[in-house]
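> kindly return the folded structure for what I paste below:
(chains A and B)
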2 protein chains.
Amino acid sequence: MPMKKRQLGPCVTFFPQPTTLIGTVDPEGRVDLMTASWAGIVSKTPPTMAVSLNKSRLSYDNIRRTGCFTVNCVPSGLAVEADYCGIRSGRDRDKTAVTGLELDQAEQVDAPLVRACPLNVECRVTGEVELGDYRLILGEILQIHAVEEAFDEVGGIEPQAFDPLVYLGGIRQYWSLGGHIADAYRDGLALEKNGEDQG
Amino acid sequence: MPMKKRQLGPCVTFFPQPTTLIGTVDPEGRVDLMTASWAGIVSKTPPTMAVSLNKSRLSYDNIRRTGCFTVNCVPSGLAVEADYCGIRSGRDRDKTAVTGLELDQAEQVDAPLVRACPLNVECRVTGEVELGDYRLILGEILQIHAVEEAFDEVGGIEPQAFDPLVYLGGIRQYWSLGGHIADAYRDGLALEKNGEDQG
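Residues are numbered from 1 along each chain as shown, chains lettered A, B, ... in the order given. All right, here's what the predicted structure looks like:
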């Protein structure tokens, strides 16, 4: 039976996305943090992230000048601080002062790491795509910093340690992660085993 | 106090991403479904999605030929089916037969909608970016279908009705959504009110 669905036309809609803080510096060395939820891995060859920004943002100017940026994964405890960094512009607010977010020096790029974010990615710009008022910035991943608590004894990662804040675009809500549902590149194979048993 | 962090070097890491099924058709009209977790909104002007695919995938060939695709938001109850569609290739498996996923006709593009996915997006290709072995496909959103149960009386969207499956790249795990933490473009402003109260 078909699910009854409503047609919304062409619009920006709901997909779970990460909440990230993009770290940059301006020509005077002043730091800016901007919230971006459209950010993610786009290639493994080489490891590349893409981030989409409105071209009017200070962060976009900073990235154009310095050719680098950081992507900082926001934990659920920093939802309010992250939301603030998405609403205000670094042109007229000192967001680190208002939010109290502390910074560390990146290793390979001229951009700040957000200390309280359990995962920080250093990127060097490798491309840019024009999309209306937005610019999709492509960044090669140069270094990743992940909080020690996330690693188990064999080097596996426990996602609870990151407690990532998930952004639901379209409805403008921040959510936490729930429970572990399945393992990728593994649980799907059960469908073929079933088929073999029946065949 | 700084958080102690481990350096991972340049690699593909952990960010919460949507789990989606990309729907396409081949020149003989055979449908293919491929799982993609790097998919998201990248512009509002016009509404645009981007999806990153390995260039060796059948879905990539299909998209190149037809110039269109659908993005279907996977609910947590379809984790196993979605995982299967990411592991196997439509070149040697009929994934709809193995998974039992039923399809509906899209309205504006030559590509299938996954009936059991509560949100379906129809896209027309507007650009492509080469990223090593991957191709970032840009698609203008032409139509969105959202399940009726997701809408409240005033047209607001209840994310529980979508129950989106979140993919954690790097650690290859599927998770559900947890709880509503904060509202975007609103809760961050409390930081300024606090400042004014104290000032």
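
> wait, A:Glu91 sits on A:Leu58?
In this structure residue A:91 is Arg, not Glu. Yes: A:Arg91 lies in contact with A:Leu58 (CB atoms under 8 Å); the separation is 5.2 Å. Placement of C-beta: from N, CA and C, glycine included.

> pretty sure A:Ser59 contacts A:Arg65?
No: A:Ser59 is beyond contact range of A:Arg65, at 10.8 Å (criterion: CB under 8 Å).

> burial of the nearest residue to A:Phe15 once chain neighbours are set aside, as a residue count?
The shortest distance from A:Phe15 to any non-neighbouring residue, by CB to CB, 6 or more residues apart in numbering or on different chains, is to B:Pro18 (4.4 Å). B:Pro18 has 25 neighbours, counted by other CB atoms under 10 Å in any protein chain shown.

> now swap in A:Gly100 and tell me
With other CB under 10 Å as criterion, A:Gly100 counts 10.

> which residues touch A:Pro16?
A:Val166, A:Tyr167, A:Leu168, A:Trp175, B:Pro16, B:Gln17, B:Pro18, B:Pro164, B:Val166, B:Leu177 (CB atoms under 8 Å, 6 or more residues apart in numbering or on different chains).

> let's go with 10 Å and repeat that
A:Pro16 makes contacts with A:37, A:166-169, A:175, A:177, B:16-19, B:40, B:73, B:159, B:162, B:164-167, B:175, B:177, as judged by CB atoms under 10 Å, 6 or more residues apart in numbering or on different chains.

> what's the answer for A:Ala184, then?
With CB under 10 Å, 6+ apart, A:Ala184 has these contacts: B:19, B:35, B:37, B:79, B:82-83, B:86-87, B:167-169, B:171-174.

> which SSE is immediately downstream of the helix or strand containing A:Glu128?
Using DSSP states H and E, A:Glu128 sits within strand A:119-131. Following strand A:119-131 in sequence order, the next helix or strand is strand A:134-147 (DSSP H and E).

> ok, back up a step: pull out the buried residues from the contacts of A:Pro16.
Buried residues within these, counting neighbours by 16 or more other CB atoms under 10 Å in any protein chain shown: A:37, A:166-169, A:175, A:177, B:16-19, B:40, B:73, B:159, B:162, B:164-167, B:175, B:177.

> contacting residues around the residue lying closest to A:Val125 once chain neighbours are set aside?
Closest residue to A:Val125 apart from its sequence neighbours, by CB to CB, 6+ apart: A:Gly67 at 4.7 Å. Contact analysis of A:Gly67 by CB under 10 Å, 6+ apart lists A:Val109, A:Asp110, A:Ala111, A:Cys123, A:Arg124, A:Val125, A:Thr126, A:Gly139.

> and the two most separated of those?
Greatest spacing in the contacts of A:Gly67, by CB to CB: A:Asp110 and A:Thr126 (16.1 Å).

> ok so, going back, with neighbour numbers in mind, choose between A:Ser59 and A:Arg65.
A:Ser59 (26 against 13).

> so, low pLDDT: which residues of chain A?
Applying pLDDT under 70 to chain A flags the ranges A:1-2, A:194-199.

> how does it look with 50?
A:197-199 (pLDDT under 50).

> helices of chain A, residue ranges please.
Taking DSSP state H as the test, the helices found in chain A are A:58-66, A:79-87, A:95-99, A:190-198.

> and these, which is most packed in?
helix A:79-87 (a mean of 23; mean count of other CB atoms under 10 Å in any protein chain shown).

> and that helix, what does it pack against?
strand A:20-25, strand A:31-36, helix A:95-99, strand A:112-114, strand A:166-168, strand A:173-183, strand B:173-183, helix B:190-198 (3 or more CB pairs under 10 Å, 6 or more residues apart in numbering or on different chains; DSSP states H and E).

> no further queries at this time; thank you.
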